[in-house]
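Trainee: test case, fold it:
(one chain, ligands or ions: 1)
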Amino acid sequence: MTSEYAGDPGAAIVARGLGKRYRQTWALREVTLRLPAGRICAVIGPNGSGKSTLLAMAAGLLAPTTGSLRLFGEARSTPATRRRVAYVAQDKPLFPRLTVAETLRFGRELNPGWDQAVAERVLRDVDIPTGARISALSGGQRTCVALALALGKRADLLLLDEPMADQDPLRRSRMMGALMAEAAEHGTTVVIATHVLAELDGVSDHLWLFGAGRLRLAGDTEAIQSAHALVTGARRDGERAGDRASNPGLPPELAARAVVEARATGRQLTALVRPGGTELEGEWITREPSVEEILLGYLRNPTAPPLLLDGGPTDAPEVAA
Ligand SMILES: Nc1ncnc2c1ncn2[C@@H]1O[C@H](COP(=O)(O)OP(=O)(O)OP(=O)(O)O)[C@@H](O)[C@H]1O
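Mentor: Numbering: from 1, shown residues only. Sure thing, here's the model as predicted:
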C-alpha cells in the first residue's frame with residue numbers, strides 16, 4: 001500500500017476507479033475523486049445516476065465492485081472510520097415505537113462522542129417535541145430527528161442522502177441553517193445529495209454531478225464557475241441552436257469551444273461554454289454563470305463534455321478498500 005494514498009488525512013474522501021455493479025447493471029463506474037476535509041459537497045444528478053450508491057459505499061454499507069474508497073486516509077469500513085462518519089439514508093430508518101427522547105438516548109448509548117445539546121437544539125429549532133412517538137411524526141419531522149441523530153454523533157463526515165426532500169420551505173431553510181452552523185463550528189465535512197439546485201448557491205463549496213453512473217462534473221465550486229462562461233448574442237440568419245457540443249448550427253467562434261449547452265429563444269442565442277480559444281468578436285455578452293445555471297446546462301445536455309477538476313491520487317493501490 002502506498003503511504004501517500006493511505007495517509008491522506010487531509011482528504012475526507014478519496015476514490016479511485018470506484019465502481020458498483022448490481023448483477024448486470026453498473027450503478028457507478030470509474031469514479032475518481034478527492035474531497036478535502038471541511039468541505040460542503042453537493043452531489044447532483046438525475047434519478048438513478050448513482051448518488052445514493054456512492055453515499056452508501058462511503059458509509060460502509062455497500063462494497064465496491066471495482067476500485068477503492070478511503071475516508072480520512074483510512075479504509076472506509078473499519079470501526080474507527082465508522083465512528084467518524086454519520087449517514088442519513090434516503091429512507092431515514094428509525095424505530096417507530098420509540099419517542100424522540102428515547103431515540104436520542106439510543107444515539108447517546110451508541111456513540112461515545114455524543115452531543116446531547118446539539119441534537120436537542122436541532123429539534124428545538126424545528127419545533128419537534130421530544131415526547132412525541134416516532135410513529136406519530138410526519139415524514140419531514142422524522143427526517144429532522146434523523147438529522148439531529150447525525151449531528152449529535154459529532155461525526156467528522158456527514159453523508160446526507162436528500163435530507164431536505166420532504167421538508168417544507170421554512171423548515172428546509174432552518175435545517176440547512178442549523179446544519180451549516182454546526183459544520184462551520186466543528187469543521188465537519190458534509191456530502192449532501194440533493195435535487196434542490198436553487199439552495200446550493202453560497203452553501204456548497206464543492207460539487208459532484210453524476211449522470212448514468214459516471215462523474216461528469218467535479219471540483220471546487222468556484223473553480224467550476226470560473227471554468228464556464230454564459231454567452232448571449234443575436235442569432236445570425238441560418239443558424240439554429242442545438243444541444244450538442246459539436247453543434248453545426250453554432251457560429252464558428254462558439255463551436256470552436258467546449259459547448260456545454262446552447263439554446264435559442266426567439267432571435268437570441270445563449271450558450272454555456274468553457275472559456276478558451278480566440279476572443280469572442282461581435283455583439284456577444286459574456287458573464288460568469290451561477291452554479292444553478294451550470295448544473296442545469298449539464299443536466300439538460302447529457303452528452304456535454306465532462307469536467308473533472310478533483311484530480312485524485314496518482315499512486316493509489318487498486319485494491320478495494
Ligand atoms: N439494490 C439494488 N439492486 C439493483 N439495482 C440497484 C439497487 N440499488 C440501486 N440500483 C440501481 O443503481 C442505479 C443507481 O441508483 P442510485 O439509487 O444510486 O441512484 P440515485 O442517483 O441515488 O437516484 P435518486 O435520485 O432517484 O435517489 C439505478 O439504476 C438503480 O436502479
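
Trainee: all helices for this protein, in order.
Mentor: Assigned by DSSP state H, the chain shows helices spanning 3-6, 51-58, 79-83, 100-110, 116-125, 139-152, 169-186, 221-226, 252-255, 291-300.

Trainee: tell me which residues in the third one are buried?
Mentor: Taking 16 or more other Cβ atoms under 10 Å as the neighbour-count basis, helix 79-83 is seen to contain the buried residues T81, R83. Bear in mind the C-beta positions are built from the backbone N, C-alpha and C, glycine included.

Trainee: quick one: list the elements packing against that helix.
Mentor: Contact here means 3 or more Cβ pairs under 8 Å, 6 or more residues apart in numbering; DSSP states H and E; on that basis helix 79-83 packs against strand 74-75.

Trainee: now for the strand it packs on, which elements pack on it?
Mentor: helix 79-83.

Trainee: re earlier: make a markdown table from the helices of the chain and add mean pLDDT and distance to W26 to it.
Mentor: Output for the helices of the chain, formatted as a markdown table (pLDDT from 0 to 100; distance: least, Cβ to Cβ, whole Å):
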| stretch | mean pLDDT | distance to W26 |
| --- | --- | --- |
| helix 3-6 | 46 | 24 |
| helix 51-58 | 96 | 10 |
| helix 79-83 | 84 | 25 |
| helix 100-110 | 94 | 34 |
| helix 116-125 | 90 | 37 |
| helix 139-152 | 91 | 29 |
| helix 169-186 | 86 | 32 |
| helix 221-226 | 93 | 25 |
| helix 252-255 | 74 | 32 |
| helix 291-300 | 93 | 20 |
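
Trainee: export those helices to CSV and tack on distance to the ligand?
Mentor: Shown next, in CSV, are the helices of the chain (distance: least, Cβ to the nearest ligand atom, whole Å):
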stretch, distance to the ligand
helix 3-6, 25
helix 51-58, 3
helix 79-83, 21
helix 100-110, 24
helix 116-125, 24
helix 139-152, 15
helix 169-186, 17
helix 221-226, 20
helix 252-255, 31
helix 291-300, 12
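
Trainee: these: which one's closest to L197?
Mentor: Closest approach to L197 among the helices of the chain is made by helix 291-300 (4.6 Å; Cβ to Cβ).

Trainee: and that closest one, how far out from the chain middle?
Mentor: The chain centre lies 14 Å from the centre of helix 291-300; the measure is Cα atoms, centre = their mean, to the nearest Å.

Trainee: dump that helix to CSV, restricted to CA.
Mentor: The C-alpha trace of helix 291-300 is given here as CSV (Å, rounded to 0.1, in the frame of the first residue of the first chain):
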residue,chain,number,x,y,z
VAL,A,291,-23.9,27.3,-10.0
GLU,A,292,-27.6,26.5,-10.8
GLU,A,293,-27.1,27.6,-14.5
ILE,A,294,-24.1,25.4,-14.8
LEU,A,295,-25.8,22.4,-13.3
LEU,A,296,-28.9,22.9,-15.4
GLY,A,297,-26.8,23.1,-18.5
TYR,A,298,-25.1,19.7,-17.8
LEU,A,299,-28.4,18.1,-16.7
ARG,A,300,-30.1,19.3,-19.9
